[in-house]
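[1] Give me coordinates for this.
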Amino acid sequence: MDFPEQLFPTAWSLAAWLPLLVALALSLRHAPWGRLRDGDQFNVLAGAVVVLMLLWSMKAGVRPGLNLQLMGSTVMVLAFGPQLALIGLLAVLAAVTLNGGAAWSSFALNALVMVLVPVAAAWGVLRLAQRFLPSHLFVYIFVNGFFGAALAVLSIGAAAVLLLLGAGVYGAEYLLNEYLPYYLLLGFSEAWISGMAITLMVIYRPAWVATFDDDFYLRGGPPP
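    Modelled structure (predicted):
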């Protein structure tokens, strides 16, 4: 999903910068920068950004602003936490935009839909699961890795539809019948890929997953 140039009124594109800059400032202030002092962790983050740059460059769509693509947002949130995930995903979007895959004039709107919304959705699923569900490894993998990834993608589709409807770019019937249903299929694909990635990381490289805590998920300790 990305919005091309001049799809939305200029006022919308400018107004989108306010929540984006606020979220970025908070992320820069509260991000666990000490985690990146470990060379391995920094390399993992840099590698994830490169992989997502390639993934975001592969998309399908039939009309301007109606593209479908895998995101990887949930893996970023679970692996690095919401602040570093947001910063990393913004770097991905900036690189894709610089490469001509999106328009700079729509950067803030694209960031709201493609970065802020899925990061918030994935983080919300994680926090709710930690509070209300058993502290079990399978809960972490299936609820956060699989369900969280699907919900993150569906939230992108819902946010895009609301913006397109609000701006009058496309009609409600077309968006609800010809566009939004495809996010159900995309959500399944995202859930499968993200869930498998998180499963492999938790099993073989748990140190790479910032939100996974052995004491909580394996020994029933207090929430991290």
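
[2] show me what contacts the residue nearest the centre of the chain?
    By CA atoms, centre = their mean, the chain has its centre lying nearest to residue 73, at 2.7 Å. Residue 73 sits next to 85, 89, 115, 118, 119, 122, 149, 152, 153 when contact means CB atoms under 8 Å, 6 or more residues apart in numbering. No exception for glycine: its C-beta is placed from N, CA and C like everyone else's.

[3] Among those residues, the buried ones, what's the ChimeraX command?
    Selection of buried members from those for ChimeraX, criterion 16 or more other CB atoms under 10 Å:
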select :85,89,115,118,119,122,149,152,153
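
[4] from the contacts of residue 73, which is closest to residue 206?
    residue 85 (17.6 Å; CB to CB).

[5] Look up phi and psi at the residue nearest to the closest one when sequence neighbours are not counted.
    Nearest residue to residue 85, sequence neighbours excluded (CB to CB, 6 or more residues apart in numbering): residue 76, at 3.9 Å. Phi and psi for residue 76, reported as degrees, to the nearest 10, are phi -60, psi -40.

[6] Kindly give the local confidence score, pLDDT, for residue 76.
    Note for residue 76: predicted pLDDT of 97.

[7] Surely residue 150 is in contact with residue 191?
    Yes. When contacts are counted by CB atoms under 8 Å, residue 150 is listed as touching residue 191 (3.9 Å).

[8] Can you tell me the closest non-neighbouring residue to the residue nearest to the centre of the chain?
    Spatial nearest neighbour of residue 73, excluding adjacent residues (CB to CB, 6+ apart): residue 118 at 3.7 Å.

[9] quick one: the helices in this structure?
    10-15, 17-30, 39-56, 73-98, 107-111, 117-132, 137-138, 148-166, 172-178, 182-204, 214-217 (DSSP state H).

[10] And those: which comes nearest residue 63?
    Nearest to residue 63 among the helices of the chain is helix 172-178; the distance by CB to CB comes to 8.9 Å.

[11] For that closest one, output the C-alpha coordinates as CSV.
    The C-alpha atoms that make up helix 172-178 are tabulated as CSV, following Å, rounded to 0.1, in the frame of the first residue of the first chain:
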residue,chain,number,x,y,z
ALA,A,172,-17.4,3.0,-0.7
GLU,A,173,-18.9,0.2,-2.8
TYR,A,174,-15.8,-0.2,-4.9
LEU,A,175,-13.4,-0.1,-1.9
LEU,A,176,-15.5,-2.5,0.2
ASN,A,177,-16.2,-5.0,-2.6
GLU,A,178,-13.1,-4.8,-4.8
